[in-house]
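Asks: my questions concern the predicted model and sequence given below.
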Amino acid sequence: MNKIIDLPVLYSLRNCPFAMLARIAIYKSNQPIWLRDIVLSDKPAEMLAASPKATVPVIVTPKGQVIEESYEVMLWALSQSDPDDLLFATDAAKFDSMLALIYRFDSEFKSCLENYKCAKRYSESNIVECRLACEVYVQQLELLLSEHEFLFADRESLADIALLPFIRQFARVERQWYLQSPYPHVRAWLNAYLQSKMFSKVMTKYPLWLESRQDVIFPDLHF
């Protein structure tokens, strides 16, 4: 596709939770980008030249800036445009609290989640122990969501969209247990997202870029 519009390029992998974070933030920013869906077994030379780290997501701006960490992509997108005020621009204390929660989940919960997923995948005997380690963090979300509709207020924030892909993974490890677990507020919060127009758009399956060489405008704002 000839670039009739000079936009940032996002290299993405549909089911990668980190790439999902980037697409969610870009969707929420209402700022379009060129989307290039890839597979990890066949990474484009253009992506590797921009980011030798070779992981998704990667944003390359029209001026050549490369952003290659999911949370940096999120903050970049919302710094361009934040129509829903997900960053709570006028509440520095709440913004700091959001970052602290995101950091805790990033540095602690995700390793517990990986252990839990592995225990399930390989039918290991410590699956309950691994689940309990995850529940420490899920309980914190349940408490926050018992106080308001979203994690920090009755409207969504950066923290909600930053944790969404990983709580989605947690919910899928032992599905039947999760549906009866003592976390009704987390379930309602997650279900609302999974059934939303936003999530449907973010998870749309596009042709692989290396096969089609066609960039896709995301989100589609009728350009």
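Replies: Received, thanks.
Asks: residue 185: helix or strand, and which one exactly?
Replies: Residue 185 is part of helix 184-194 when elements are defined by DSSP states H and E.
Asks: neighbouring contacts of that helix?
Replies: 138, 141-142, 145-146, 149-151, 160, 164, 167-168, 171, 178-179, 181, 199 (C-beta atoms under 8 Å, 6 or more residues apart in numbering). For every residue, glycine as well, the C-beta is placed using N, CA and C.
Asks: please redo it, this time with the cut-off set to 6 Å
Replies: By C-beta atoms under 6 Å, 6 or more residues apart in numbering, the residues outside helix 184-194 that reach it are 141, 142, 145, 146, 164, 167, 199.
Asks: what separation is there between the closest residue to residue 70 other than its chain neighbours and residue 200?
Replies: Excluding the flanking residues, the one nearest residue 70 by C-beta to C-beta, 6 or more residues apart in numbering is residue 18, at 4.0 Å. Per C-beta to C-beta, to the nearest Å, residue 18 is found 20 Å from residue 200.
Asks: pick out whichever of those two has more residues nearby.
Replies: Between residue 18 and residue 200, residue 18 has the larger neighbour count (other C-beta atoms under 10 Å), namely 17 against 10.
Asks: can you tell me the element the more buried one falls in?
Replies: Using DSSP H and E, residue 18 maps to helix 17-29.
Asks: pLDDT on that helix, on average?
Replies: If you average the pLDDT over helix 17-29, you get 97.
Asks: now it, how far from the centre of its chain.
Replies: 5 Å (C-alpha atoms, centre = their mean, to the nearest Å).
Asks: again, but for stretch 102-115
Replies: In terms of C-alpha atoms, centre = their mean, the centre of stretch 102-115 is found 14 Å from the chain centre.
Asks: next one: stretch 16-28
Replies: That offset, for stretch 16-28, works out to 4 Å (C-alpha atoms, centre = their mean).
Asks: quick one: buried residues of that stretch?
Replies: 16, 18, 19, 20, 21, 22, 23, 24, 25, 26, 27, 28 (16 or more other C-beta atoms under 10 Å).
Asks: from these, pick the one nearest residue 101.
Replies: residue 21 (14.5 Å; C-beta to C-beta).
Asks: list the contacts of the closest one.
Replies: If you count contacts by C-beta under 6 Å, 6+ apart, residue 21 has them with 70, 74.
Asks: show me what the helix ranked longest in the chain is packed against.
Replies: In the chain, assigned by DSSP state H, the helix with the most residues is helix 127-147. If contacts are counted by 3 or more C-beta pairs under 6 Å, 6 or more residues apart in numbering; DSSP states H and E, helix 127-147 sits against helix 110-121, helix 184-194.
Asks: helices along this protein, start to end?
Replies: Counting by DSSP H, the helices of the chain are 17-29, 45-50, 70-80, 92-104, 110-121, 127-147, 158-173, 175-179, 184-194, 197-202, 209-212.
Asks: break this protein down into its domains, please.
Replies: Following automatic domain parsing, one gets these domains for the chain: 9-84+203-218, 92-198.
Asks: quick one: average pLDDT of the last one?
Replies: Okay, so that is domain 92-198. Average pLDDT, domain 92-198: 98.
Asks: measure that domain end to end?
Replies: One end of domain 92-198 to the other measures 27 Å (C-alpha to C-alpha, to the nearest Å).
Asks: one more: stretch 62-75?
Replies: Per C-alpha to C-alpha, the first residue of stretch 62-75 is 18 Å away from its last.
Asks: buried residues in the helix holding residue 185, which are they?
Replies: For helix 184-194, by 16+ other C-beta under 10 Å, it's 185, 186, 187, 189, 190, 193.
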